[in-house]
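Colleague: curious how this folds, go ahead:
(one chain, ligands or ions: 1)
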Amino acid sequence: MARNRIQFGKRLSLSAFQERYGTEEQCRQVVVAWRWPNGFMCPACGGHDHAIVGKRRLYLCHGCRKQTSVIAGTVLENSLVPLTKWFQATWLITQSKNSISTLELSRQIGVKWDTAWRLRQKLASVMAEVEARRSFKGRIEMDDAVLGGEKSEAEGGKRVRGGANKVPFVVAVETTAEGRPRRVLLHPVERHDGKSIEAMAHEKLTAGTHVVSDGLGCFRAVTRAGATHTPIVSSRAPEQPEKIPALKWVNTVLGNLKTAIAGTHKAIWRPYVGRYFAEFQFRFNRRHDLPRLFSSLLAAAAGARPRTHADIRLA
Ligand SMILES: [Zn+2]
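Modeller: Residues are numbered from 1 along each chain as shown. Here you go, the predicted model:
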């Protein structure tokens, strides 16, 4: 019995999801609770007295007579997409282990590809904002990696040739002192050099962090940002950094990331890589509580400002 409870508790099942968020009214109630935890507050005058009017369930403020909807002024603001579809998209994006392609997303929630793409980019931009505020501390395994280089027409419809679509990045895994993985950072850089590594360390690492990396020289630069550094040079397998036990988790995460991208997205157009990284990072860093992962993304979206077309189109 106890074991079953843990298993069911870990993932929000489709039927549990439908039971809780199957109707527009159920979703609306959830957003109301996030947005106005202490009851309705008029965004124009701060008043509390109101009536709910009309088919669209608008809030009419008795103080200033202005009308507002529960999603006005949030990322969910989009009259064409019902809340149930926002909830479904969020559920699919957060509960999938290897992410979900925009095409699959559009089929599952029953909207056009363009609509699914916009919705996804809006949610991903919220995840990017939330993850950008995160800093890392303790023991950190760090490695350099390059994404892509293959032809990409997966996003934006434009064809990009070879090297032009390559994205160098740093992958870092914060672990416990015993070496268990805690949180991950995927950080695109201009190139793998001291200057970029130092800038990243200043931005993302708390002073006193201990970085473990392979022998690549640029990682020494973390010490200029107040971190300590242990380069591990394996004499047994210099060409196989993945065989270094101290870098086990950073290599596991990198493997999972590449599998997710190759299996789901095929290739990602360079301007959007940061958002896909944010999506992966957001999911990984909340992997121990999948139901909460779903609600924390929706709550963040309900608390964030709307995105315009120009905000989400990066190229
Ligand atoms: Zn008012």
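Colleague: do me a favour and get the end-to-end distance for stretch 200-209?
Modeller: With CA to CA, to the nearest Å as the measure, stretch 200-209 spans 13 Å from end to end.
Colleague: how about the residues of the protein near the ion?
Modeller: Within the chain, the positions near the ion by CB under 5 Å from the ion are 42, 44-45, 47, 61, 63-64. Bear in mind the C-beta positions are built from the backbone N, C-alpha and C, glycine included.
Colleague: one more time with 6 Å
Modeller: 42, 44-45, 47, 61, 63-64, 66 (CB under 6 Å from the ion).
Colleague: does Trp91 really touch Phe17, like I thought?
Modeller: Yes: judged on CB atoms under 8 Å, Trp91 makes contact with Phe17 at a distance of 5.6 Å.
Colleague: now Leu185: phi and psi?
Modeller: phi -130, psi 130 (degrees, to the nearest 10).
Colleague: what is the burial count for it?
Modeller: Neighbour count of Leu185, defined by other CB atoms under 10 Å: 24.
Colleague: and the closest residue to it other than its chain neighbours, what element?
Modeller: Spatial nearest neighbour of Leu185, chain neighbours left out: Ala172 (4.3 Å); criterion: CB to CB, 6 or more residues apart in numbering. Per DSSP states H and E: Ala172 is located in strand 167-175.
Colleague: who does that strand touch, helix- and strand-wise?
Modeller: Here strand 167-175 touches strand 139-147, strand 181-188, helix 194-204, helix 248-260, helix 273-284, going by 3 or more CB pairs under 8 Å, 6 or more residues apart in numbering; DSSP states H and E.
Colleague: now do the contacts for the residue nearest to Lys137 when sequence neighbours are not counted.
Modeller: In space, and not counting its chain neighbours, Lys137 is closest to Thr206: 3.9 Å by CB to CB, 6+ apart. If a contact means CB atoms under 8 Å, 6 or more residues apart in numbering, then Thr206 has 135-137 as its contacts.
Colleague: confidence score at Thr206?
Modeller: Per-residue pLDDT puts Thr206 at 93.
Colleague: contacting residues around Gln121?
Modeller: Neighbouring residues of Gln121 by CB under 8 Å, 6+ apart: 272, 275, 307, 312-313.
Colleague: could you look up the SS state of it?
Modeller: Three-state assignment for Gln121 (DSSP: H, G, I helix; E, B strand; the rest coil): helix.
Colleague: before we move on, what about Ser99?
Modeller: From three-state DSSP, the assignment for Ser99 is coil.
Colleague: burial check on it, number of neighbours?
Modeller: By the criterion of other CB under 10 Å, Ser99 has 19 neighbours.
Colleague: ok, it to Leu14 distance?
Modeller: Distance of Ser99 to Leu14, given as CB to CB, to the nearest Å: 18 Å.
Colleague: before we move on, the earlier item: which of the contacts of Gln121 sits closest to Thr84?
Modeller: If you rank the contacts of Gln121 by distance to Thr84 using CB to CB, Arg307 comes first, at 20.0 Å.
Colleague: the ion versus that closest one, what's the distance?
Modeller: 25 Å (CB to the ion, to the nearest Å).
Colleague: just to check, that residue is in contact with Leu123?
Modeller: No: using CB under 8 Å, Arg307 is not in contact with Leu123; the gap is 9.6 Å.
Colleague: shared neighbours of those two, anything?
Modeller: Overlap of the contact sets of Arg307 and Leu123 (by CB under 8 Å, 6+ apart) consists of Val75.
Colleague: of those two, which one has the most company?
Modeller: For Arg307 versus Leu123, neighbours defined as other CB under 10 Å are more numerous around Leu123 (27 against 20).
Colleague: the one helix or strand Gln18 maps to - contacts with which helices or strands?
Modeller: Element membership for Gln18, per DSSP H and E: helix 14-21. Counting contacts by 3+ CB pairs under 8 Å, 6+ apart, helix 14-21 packs against helix 24-35, helix 83-95.
Colleague: list the buried ones in the helix or strand following the shortest one?
Modeller: Think helix 24-35. Downstream of helix 24-35, the first helix or strand assigned by DSSP H and E is strand 50-53. Applying a neighbour-count criterion of 16 or more other CB atoms under 10 Å, one finds His50 buried in strand 50-53.
Colleague: go on, stretch 285-299?
Modeller: 285-286, 290-291, 293-299.
Colleague: residue contacts, the residue nearest to Leu80 when sequence neighbours are not counted?
Modeller: Counting by CB to CB, 6+ apart, Leu80 lies nearest to Thr115, which is 7.2 Å off, once chain neighbours are set aside. By CB under 8 Å, 6+ apart, Thr115 lies in contact with 80-81, 106.
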